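Enquirer: Just need the structure, nothing else, for what follows:
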Amino acid sequence: MPMNAFLQNCLNGLSIGSIYALIAIGYTMVYGILRLINFAHGDIFMMAGYFMIIAMTDLLIPWQISIAIVIIATILLGVLTEKIAYKPLRSAPRMSIMISAIGVSYFLQNFATYLFSALPKSYPSIAVLDRKITIGTISTSLVTFITPILTIVLVIALVALINKTKIGMAMRAVSKDFETAQLMGVKINSVISITFVIGCALAAIGSILYFTPRPQVYPLSGSLPGLKCFVAAVFGGIGSIPGALVGGFLIGLCETFIKAGIFSEFSDAFTFVILIVVLLFKPTGLFGEKVTEKV
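Expert: Sure thing, here's the model as predicted:
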């Protein structure tokens, strides 16, 4: 492979991997607090794409304001989902809340089909992000270049929030021991709501970065990216934010290089091969903590 093509693939892989990482953080944070795999997270990411279409195409709102609207609307959708579908089941068996998450996923897909039809809709162009830039011999769009940088900045800010603030301390306490944190006066409902706010805000930002160079949204457009992000979270160690970042980068790079090779048709399948291998040899992932079950 020529060096120019290699560098181009590295940049593309880091870009898509960064988006996977942003969405994977949503999975890993919710799991860390509630021990729930939020299978609807990919569909919330998809709904964020439709929110942008409504804001910019239907309502003709400038992109600067539309981005804020999309983030707020996605957060509201995520928090509402938690209040309606997950909160009443907190004391129920874990399988019940997982089935509820799958139900929310299918509801959002069918709701999007009902509102917007199953036909792909064009994602509005954001001229600033679509602008072409040249770095040496590599030509790419601005969104591809800034995505890894923005992701790393957001992850550093999130880690600082969790390690340096009072709400971060509460989140770490709930993650370690839900019942004890509740007995010690931690406001569990507030912690869970903030967790969903952060996860959905990152999903909204990831949606903007993902759909800008892929200008079509349809009701199932969040399913496969959502599954890949779940794999990234498991690969890095679900419950670990740095693990989600590393897992997203590795999945994105592997997928990009496989697509550039002779086995391009197996690029999606490879992601799930990684999941199987990780579960077989290191079930806790690269950065996951081994949990000892008490008898």
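
Enquirer: Could you use CA atoms for every contact and neighbour count after this?
Expert: Will do.

Enquirer: Tell me where the model's unsure across the stretch 1-150 of the chain.
Expert: For the stretch 1-150 of the chain, residues meeting the criterion pLDDT under 70 lie at 1.

Enquirer: which residues in it form helices?
Expert: Under the criterion DSSP state H, counting those that start in this stretch, the stretch 1-150 of the chain carries helices at the ranges 3-34, 41-52, 63-81, 94-116, 127-130, 142-164.

Enquirer: CA atoms only for stretch 161-177, dumped as CSV, please.
Expert: These are the backbone C-alpha positions of stretch 161-177, laid out as CSV (Å, rounded to 0.1, in the frame of the first residue of the first chain):
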residue,chain,number,x,y,z
LEU,A,161,-15.5,15.9,35.4
ILE,A,162,-15.7,12.4,36.8
ASN,A,163,-12.5,12.6,38.8
LYS,A,164,-12.5,16.2,40.0
THR,A,165,-16.1,17.2,40.7
LYS,A,166,-18.7,16.4,43.3
ILE,A,167,-21.2,14.9,40.7
GLY,A,168,-18.3,12.8,39.4
MET,A,169,-17.6,11.5,42.9
ALA,A,170,-21.3,10.6,43.2
MET,A,171,-21.1,8.8,39.8
ARG,A,172,-18.1,6.8,40.9
ALA,A,173,-19.8,5.9,44.2
VAL,A,174,-22.9,4.7,42.5
SER,A,175,-20.8,2.8,40.0
LYS,A,176,-18.9,1.0,42.8
ASP,A,177,-21.9,0.2,45.0
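
Enquirer: tell me how far it is from the chain's mean position?
Expert: Between the mean C-alpha location of stretch 161-177 and the chain-wide mean there is a distance of 21 Å, by CA atoms, centre = their mean, to the nearest Å.

Enquirer: quick one: buried residues of it?
Expert: For stretch 161-177, the buried set under the neighbour-count rule, 16 or more other CA atoms under 10 Å, comprises 162, 167-168, 170-175.

Enquirer: again, but for stretch 124-139
Expert: Of the residues in stretch 124-139, 124-126, 129 count as buried by neighbour count, 16+ other CA under 10 Å.

Enquirer: Wait, T144 touches L11, no?
Expert: Yes - if you go by CA atoms under 8 Å, T144 and L11 touch, sitting 7.4 Å apart.

Enquirer: Looking at these two, which is more packed in?
Expert: It is T144, of T144 and L11, that has more neighbours when counted by other CA atoms under 10 Å, with 24 against 21.

Enquirer: residue contacts, the more buried one?
Expert: Shown here is T144, whose contacts under the criterion CA atoms under 8 Å, 6 or more residues apart in numbering are 11-12, 15.

Enquirer: Likewise for P120?
Expert: Listed by CA under 8 Å, 6+ apart, the contact set of P120 reads 216-218.

Enquirer: Using JSON lines, please lay out those together with secondary structure.
Expert: Listed next are the contacts of P120 as JSON lines, based on DSSP: H, G, I helix; E, B strand; the rest coil:
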{"residue": "Q216", "secondary structure": "strand"}
{"residue": "V217", "secondary structure": "strand"}
{"residue": "Y218", "secondary structure": "coil"}
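
Enquirer: With pLDDT, neighbour count and distance to M56 as added columns, please give these in a markdown table.
Expert: Putting the contacts of P120 into a markdown table (pLDDT from 0 to 100; neighbours: other CA atoms under 10 Å; distance: CA to CA, whole Å) gives the following:
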| residue | pLDDT | neighbour count | distance to M56 |
| --- | --- | --- | --- |
| Q216 | 87 | 17 | 14 |
| V217 | 92 | 22 | 14 |
| Y218 | 92 | 21 | 17 |
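
Enquirer: ok, of those, which one's closest to I53?
Expert: Nearest to I53 among the contacts of P120: V217, at 8.8 Å, using CA to CA.

Enquirer: Provide a list of residues in contact with that closest one.
Expert: Contacts were defined as CA under 8 Å, 6+ apart; by that measure V217 touches 46, 49-50, 120-123, 211.

Enquirer: 6 Å instead, please
Expert: Counting by CA atoms under 6 Å, 6 or more residues apart in numbering, V217 makes contact with 120-121.

Enquirer: Could you measure from it over to C200?
Expert: Here V217 is placed at a distance of 18 Å from C200 (CA to CA, to the nearest Å).

Enquirer: now swap in I146 and tell me
Expert: Using CA to CA, one gets 20 Å for the distance from I146 to C200.

Enquirer: what about the two, which has more around it?
Expert: The residue with the greater number of neighbours, taking I146 and C200 and applying other CA under 10 Å, is C200; the counts read 30 against 14.
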